[in-house]
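**Q** Predicted coordinates and the sequence they were generated for:
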Amino acid sequence: MKTFFSVVFAMSALVSGAAFANADLAKAKNCMACHAVANKVLGPAYKDVAAKYAGQKDAEAKLVQKVMKGSSGVWGSTPMPANTQVSEAEAHTLVKWILTLK
C-alpha cells in the first residue's frame, strides 16, 4: 500500500511540476505582463482562452500563430503584438498548457 501512495504522489508531482513549468515559461517570456490565468489583465485570462477554443481541432495551431505573429480584434480593441522572443516550440508548449486550463 505504501508503494501505491508513493507512485501516486510521484505522478502528481510530475503533473503539477509540468503545470508550474509552463507558468514559469509564460512569466519568463513576459506573457504575464498582459495575461493572467484566471483574470483579464490587458489580454484575456488564459482560462477564458481555453474555454473559447475548447474542442476546436485546430486550436493549437491557430493560437501558436497568434502568439508568434500577434493578433487583433478577437478579444476587443487592444491588439496583441508579435512575440518575437518566443520560439515556435515554446509557443506550442505555452498554448498546450493554456488549453488545459479550466
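**A** Good, I have the coordinates.
**Q** the helices in the chain, which residues?
**A** Assigned by DSSP state H, the chain shows helices spanning 2-28, 46-53, 59-69, 88-100.
**Q** and those helices, which one is worst for confidence?
**A** Per-stretch mean pLDDT for the helices of the chain is lowest at helix 2-28 (a mean of 58).
**Q** Give me the contact list for stretch 31-38.
**A** With Cβ atoms under 8 Å, 6 or more residues apart in numbering as the test, stretch 31-38 has contacts from 23, 26, 41-47, 80, 83, 94, 101. All C-beta atoms are positioned from the backbone trio N, CA, C, and that covers glycine.
**Q** Most neighbours out of these, which is it?
**A** Top of the contacts of stretch 31-38 by neighbour number is Y46, holding 24 neighbours under the definition other Cβ atoms under 10 Å.
**Q** any idea how far A59 lies from T100?
**A** A59 sits 12 Å away from T100, going by Cβ to Cβ, to the nearest Å.
**Q** quick one, which of those two is more surrounded?
**A** Taking neighbours as other Cβ under 10 Å, A59 and T100 compare with A59 leading, 17 against 12.
**Q** which residues touch the more buried one?
**A** Contacts of A59 (Cβ under 8 Å, 6+ apart): Y53, V95, L99.
**Q** how many other residues sit next to the last one?
**A** Right, the one you point to is L99. Neighbours of L99 using other Cβ under 10 Å come to 17.
**Q** Repeat that for K52.
**A** When counting by other Cβ under 10 Å, one arrives at 13 neighbours for K52.
**Q** before we move on, back to that, out of the contacts of stretch 31-38, which one sits closest to S72?
**A** M80 (7.1 Å; Cβ to Cβ).
**Q** tally of neighbours for the closest residue to that closest one other than its chain neighbours?
**A** Excluding its sequence neighbours, the residue lying closest to M80 (Cβ to Cβ, 6 or more residues apart in numbering) is S71, at 4.8 Å. When neighbours are defined as other Cβ under 10 Å, S71 has 17 of them.
**Q** Understood, closing this out.
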